[in-house]
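Participant: sequence isn't available, so here's the structure alone:
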């Protein structure tokens with residue numbers, strides 16, 4: 001086997017296997033058209049832990065999920081007052097159906113934040129405002145997450161029509177309260193962000209915004225609500241009331257010093273010469289050739305792009321990478337057989353080249369759902385343990401600790417709480433913290 005092909009196959013094989021545990025936001029739909037799995041979406045980079053919840057309410061992960069402080073290369077264009085739909089999956093790559101475990105009951109919300117750069121903003125801090133929420137429906141006796149399951153994982157909302165144009169982060173959020181009654185309580189958040197450019201002639205922006213993390217604390221009633229023995233008072237979701245548009249509580253962005261009026265999208269566009277995509281990666285056709293040297297140079301160029309595709313593939317999968325690799329193999333086979341005129345036609349493509357700045361992903365209608373405002377038993381998570389050089393414990397990769405797993409060195413935080421979860425806030429590092437499985441303060 002060709003050494004280059006073998007190395008690429010090894011890259012694909014060594015990618016962690018998808019594990020179902022809870023849920024994750026994977027796909028943005030704009031006016032019911034899919035932008036492509038993972039496209040314009042900040043999501044966890046590790047497939048084996050992609051669906052795990054955020055337990056530390058003061059961590060940066062609360063903004064756009066794990067690894068969410070780092071932007072992706074694509075920004076999806078959205079027209080004024082468009083409908084946005086956020087697809088949640090129990091399996092990030094959709095290999096099995098399901099949105100979220102049926103036991104994971106709780107509210108949903110959608111937030112937005114106007115930013116100077118959708119690609120470079122870290123997402124954390126002030127500027128967030130809510131545009132939708134749905135908690136408990138007493139008439140149907142259903143939580144929002146239960147409606148989400150009936151909607152095939154889609155959470156949909158209309159963008160307020162008076163919002164100023166520019167770059168935004170759009171953040172869907174689910175909160176599961178099935179362990180909020182534990183001692184200590186363990187509310188579970190699931191959040192991610194889509195990077196969008198809002199093409200709007202309006203000029204309004206909400207004045208009253210909050211910081212994420214910071215808008216909700218572990219002592220708040222909204223995250224301690226006992227869904228099994230609810231109090232007599234109605235449930236109130238975390239954070240402020242949604243901004244519904246056309247409100248006096250706005251500022252005219254055209255007169256704001258903080259923000260500039262952005263008349264057109266300049267970042268996150270798909271290049272006009274892109275011929276295939278996989279999430280936020282795109283492939284560019286190799287130069288035409290008529291000689292043996294040109295053929296082999298094209299083969300190297302193609303496989304180099306394939307390596308980047310596999311290395312940057314999100315938990316949603318690498319189908320585009322495999323299709324592009326097949327194209328590279330066709331080029332290589334042509335070189336080996338003495339056919340030095342190429343490249344051959346690309347067999348599979350999910351892009352229409354030459355329409356820069358428009359939705360390039362293969363158009364895919366949104367899954368059928370029952371409500372535009374709609375907002376699963378949980379499979380056991382497979383733990384891939386990493387040896388810890390200090391002692392016999394392994395570094396936690398699923399956010400849990402104890403029983404041989406330490407938080408020391410974990411991406412979830414270095415402190416092991418009394419409940420057995422990794423984090424970095426005082427809820428994890430303070431009273432009850434387990435010093436045998438991490439650091440305590």
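Facilitator: Received, thanks. Because the structure is predicted, anything quoted here is derived from the model rather than measured.
Participant: only C-alpha atoms for contact and neighbour calcs from this point on.
Facilitator: Will do.
Participant: any idea which helix or strand carries residue 320?
Facilitator: Assigned by DSSP states H and E, residue 320 falls within helix 319-336.
Participant: now swap in residue 157 and tell me
Facilitator: Element membership for residue 157 (DSSP H and E) is strand 154-158.
Participant: what's the first-to-last distance across stretch 52-63?
Facilitator: One end of stretch 52-63 sits 15 Å from the other (C-alpha to C-alpha, to the nearest Å).
Participant: in its sheet, which strands sit next to the strand holding residue 157, and in what direction?
Facilitator: If you go by DSSP bridges, strand 154-158 pairs up with strand 83-89 (antiparallel).
Participant: contacts for the next helix or strand after the partner strand next, please.
Facilitator: Note on strand 83-89: by DSSP H and E, the next helix or strand toward the C-terminus is strand 108-115. For strand 108-115, the surrounding residues in contact (C-alpha atoms under 8 Å, 6 or more residues apart in numbering) are 121, 123, 127-135, 144-145, 157, 166-175, 375.
Participant: apply 7 Å and report the result again.
Facilitator: Strand 108-115 is contacted from outside by 121, 127-135, 144-145, 167-175, 375, using C-alpha atoms under 7 Å, 6 or more residues apart in numbering.
Participant: thinking again about what came up before, gap between the helix holding residue 320 and the chain center?
Facilitator: Helix 319-336 sits 29 Å away from the centroid of its parent chain (C-alpha atoms, centre = their mean, to the nearest Å).
Participant: residue 214 contacts residue 58, doesn't it?
Facilitator: Yes: counting by C-alpha atoms under 7 Å, residue 214 touches residue 58, with 6.2 Å between them.
Participant: give me the more crowded residue out of those two.
Facilitator: residue 58 (21 against 17; other C-alpha atoms under 10 Å).
Participant: gap between that one and residue 301?
Facilitator: 44 Å.
Participant: one more: residue 183?
Facilitator: 56 Å.
Participant: more neighbours: the two, which one.
Facilitator: residue 301 (16 against 9).
Participant: need the phi and psi values for the more buried one.
Facilitator: Per-residue torsions, residue 301: phi -60, psi -50 (degrees, to the nearest 10).
Participant: now it: closest residue in space that isn't a chain neighbour?
Facilitator: Spatially, and ignoring its direct neighbours in sequence, residue 301 is nearest to residue 286 (6.7 Å; C-alpha to C-alpha, 6 or more residues apart in numbering).
Participant: so what's the one you found up against?
Facilitator: 298, 301, 302.
Participant: cool, and residue 40?
Facilitator: So residue 40 contacts 72, 74, 75, 76, 194, 195, 280 (C-alpha under 7 Å, 6+ apart).
Participant: from those residues, which land in strands?
Facilitator: 76, 194, 195 (DSSP state E).
Participant: any idea what residue 115 is bridged to?
Facilitator: Beta bridges link residue 115 to residue 167 when assigned by DSSP bridges.
Participant: ok, and what's touching the helix or strand harbouring residue 276?
Facilitator: Under the criterion of DSSP H and E, residue 276 resides in strand 274-278. Contact partners of strand 274-278, identified using C-alpha under 7 Å, 6+ apart, comprise 282-285, 318-321, 349-353.
Participant: same question for stretch 176-193.
Facilitator: 24-25, 41-43, 53-55, 62, 64-65, 103-106, 169-175, 223-227, 419.
Participant: in that stretch, which residues are buried?
Facilitator: Within stretch 176-193, the residues scored as buried using 16 or more other C-alpha atoms under 10 Å are 176-181, 184-193.
Participant: tell me which helix or strand comes right after the helix or strand bottoming out on mean pLDDT in the chain.
Facilitator: Ranked by mean pLDDT, DSSP states H and E, the helix or strand of the chain with the weakest confidence is strand 386-387, at a mean of 39. Counting by DSSP H and E, the next helix or strand C-terminal to strand 386-387 is strand 394-395.
Participant: turn the contacts of residue 40 into TSV, including neighbour count.
Facilitator: Shown next, in TSV, are the contacts of residue 40 (neighbours: other C-alpha atoms under 10 Å):
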residue	neighbour count
72	22
74	25
75	29
76	27
194	30
195	27
280	22
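Participant: I'd like to know which of the residues you listed is nearest to residue 408.
Facilitator: residue 72 (28.3 Å; C-alpha to C-alpha).
Participant: for that closest one, give me phi and psi.
Facilitator: Note on residue 72: backbone dihedrals following degrees, to the nearest 10 are phi -110, psi 170.
Participant: you'd agree it is up against residue 42?
Facilitator: Yes: counting by C-alpha under 7 Å, residue 42 is a contact partner of residue 72 at 6.4 Å.
Participant: what about the helices in the stretch 301-441 of the chain?
Facilitator: Counting by DSSP state H, counting those that start in this stretch, the stretch 301-441 of the chain has helices at residues 319-336, 426-429.
Participant: how about residues contacting stretch 403-413?
Facilitator: Residues contacting stretch 403-413 (C-alpha under 7 Å, 6+ apart): 393-397, 399, 401, 414-416, 422-424, 437-439.
Participant: quick check: domain ranges of the protein?
Facilitator: Using automatic domain parsing, the domain parsing of the chain gives 19-255, 274-336, 383-441.
Participant: what about the longest one, average pLDDT?
Facilitator: Here the mean pLDDT over domain 19-255 is 94, rounded to a whole number.
Participant: check stretch 292-307 too.
Facilitator: 98.
Participant: chain center to that stretch, what's the gap?
Facilitator: 32 Å.
Participant: need the contact list for residue 334.
Facilitator: residue 340.
Participant: go again with 10 Å.
Facilitator: Applying C-alpha atoms under 10 Å, 6 or more residues apart in numbering, we find residue 334 in contact with 292, 295, 296, 299, 328, 340, 341, 342, 343, 344.
Participant: check residue 64 too.
Facilitator: Residue 64 neighbours (C-alpha under 10 Å, 6+ apart): 41-44, 70-71, 122-124, 169-173, 190-194, 212-213.
Participant: before we move on, the earlier item: quick check, nearest of the contacts of residue 334 to residue 232?
Facilitator: Nearest to residue 232 among the contacts of residue 334: residue 328, at 63.9 Å, using C-alpha to C-alpha.
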